[in-house]
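sequence first, predicted coordinates after that:
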Amino acid sequence: MCYMKFTSVLRTNLLLVFGFCIASILQGQELNCTVTVNADQVSQTNQQVFTTLERSLMEFVNKTRWTKRVVQENEKLDCRIFITVTNFESSRFQANIQVQSSRPVFNSSYQTPVFNYKDDQFNFEYIEYQPLVYNENILDSNLIGVISYYIYIMLGLDADTFELEGGTDYYKTAQGIVTQAQGINSAGWGQTASNNRSRFQLVDNLLSNTFREYRIALYNYHRKGLDIMADNNSTGKQIIAGSLRLFETLIQRRPNAFLIQTFFDAKSEEIQNIFSDGPKVDIVQLKETLNRVAPFYASTWNQITY
């Protein structure tokens, strides 16, 4: 009788421990990410390799534990990764990659876009069914390197919207991937690039005090502006307008800083919508600011009417 009772208690305890471990593993997954691989441009009879790649990448990004944080389901980073294959031969892929991320706005059901970035320099090798594993100490795959790099960039930007310069550690991890990638001889990682949009330059700019206004604006726009709009629409809009003026200081120091374009690539449509409705702000001054810091979206700013 005692033996049976002991066995029952032991089994119950083991089930509790097992359940706790499973819950901990699930909570360790920080992303809610969709991956799409498009191979419409490739003349390939067997499309299975692209389907397998898409499925493998979905599992890789969502099941890898990228940080030491324990996150709940509603705290996961929402992101999307689009890979367009432009050429395929044997196990060699030429492609471009577009990454997008968003985060929820406090006291609302709205998801605000944070990052929307396209990288045209994405070449890699992949053999169907090969395991995809991220190792922070070794990088021997450009596929793993590029995907992991952008995940840490997105994690960093997301953290920056909740805490001033909260994403620094994630950017440093991305910077470490850039350093390791110098040894795999693939495009997009170099310190010099004809269009000034290499992966090196993106993370280097994010960590540089020269571009600090970008990160301050990112925090003020989201945490001090958007997150209070449900309770105080007028004050929220004023703070958002003020955060956009920070870019004027940045362009005086670094005209044509491409970090500014990355901000407005994600935010232009949202800014138009915010200031075309609700409590009034000084639209004339706002448009002057926007046309100075982001003239490449002049047609969008012209649509801000009140």
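Yes, it's here.

strands of the protein, start to end?
Here the chain has its strands, by DSSP state E, at 31-38, 77-89, 92-104, 111-125.

any chance of those in a markdown table, with mean neighbour count too?
From N, CA and C alone the C-beta is placed, and that goes for glycine too. Below are the strands of the chain laid out as a markdown table (neighbours: other CB atoms under 10 Å):
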| stretch | mean neighbour count |
| --- | --- |
| strand 31-38 | 18 |
| strand 77-89 | 18 |
| strand 92-104 | 19 |
| strand 111-125 | 18 |
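
need these in JSON lines with mean pLDDT and distance to residue 290, can you?
Below are the strands of the chain laid out as JSON lines (pLDDT from 0 to 100; distance: least, CB to CB, whole Å):
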{"stretch": "strand 31-38", "mean pLDDT": "97", "distance to residue 290": "31"}
{"stretch": "strand 77-89", "mean pLDDT": "96", "distance to residue 290": "26"}
{"stretch": "strand 92-104", "mean pLDDT": "97", "distance to residue 290": "21"}
{"stretch": "strand 111-125", "mean pLDDT": "97", "distance to residue 290": "17"}
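
which one, of those strands, ends up nearest to residue 190?
Ranking those by proximity to residue 190 (CB to CB) places strand 111-125 first, at 9.3 Å.

was I right about residue 175 contacting residue 205?
No. Applying CB atoms under 8 Å, one finds residue 175 not in contact with residue 205, separated by 11.0 Å.

so what's residue 192 up against?
Taking CB atoms under 8 Å, 6 or more residues apart in numbering, we find residue 192 in contact with residue 198.

ok, back up a step: tabulate the strands of the chain in CSV, adding columns for distance to residue 279.
Listed next are the strands of the chain as CSV, based on distance: least, CB to CB, whole Å:
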stretch, distance to residue 279
strand 31-38, 33
strand 77-89, 28
strand 92-104, 22
strand 111-125, 19
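
out of these, which is closest to residue 52?
Closest approach to residue 52 among those (CB to CB): strand 31-38, 9.3 Å.

which other residues reach the closest one?
Residues from elsewhere that reach strand 31-38 (CB under 8 Å, 6+ apart): 50-51, 53-54, 57-58, 61-62, 66, 76-85, 151.

can you name the residues that contact residue 191?
Residues in contact with residue 191 (CB under 8 Å, 6+ apart) are 198, 200, 201.

against residue 146, how distant is it?
Distance, residue 191 to residue 146, using CB to CB, to the nearest Å: 17 Å.

residue 154 and residue 116 touch, don't they?
No. Between residue 154 and residue 116 there is no contact under CB under 8 Å: 10.7 Å.

this completes my enquiry, with thanks.
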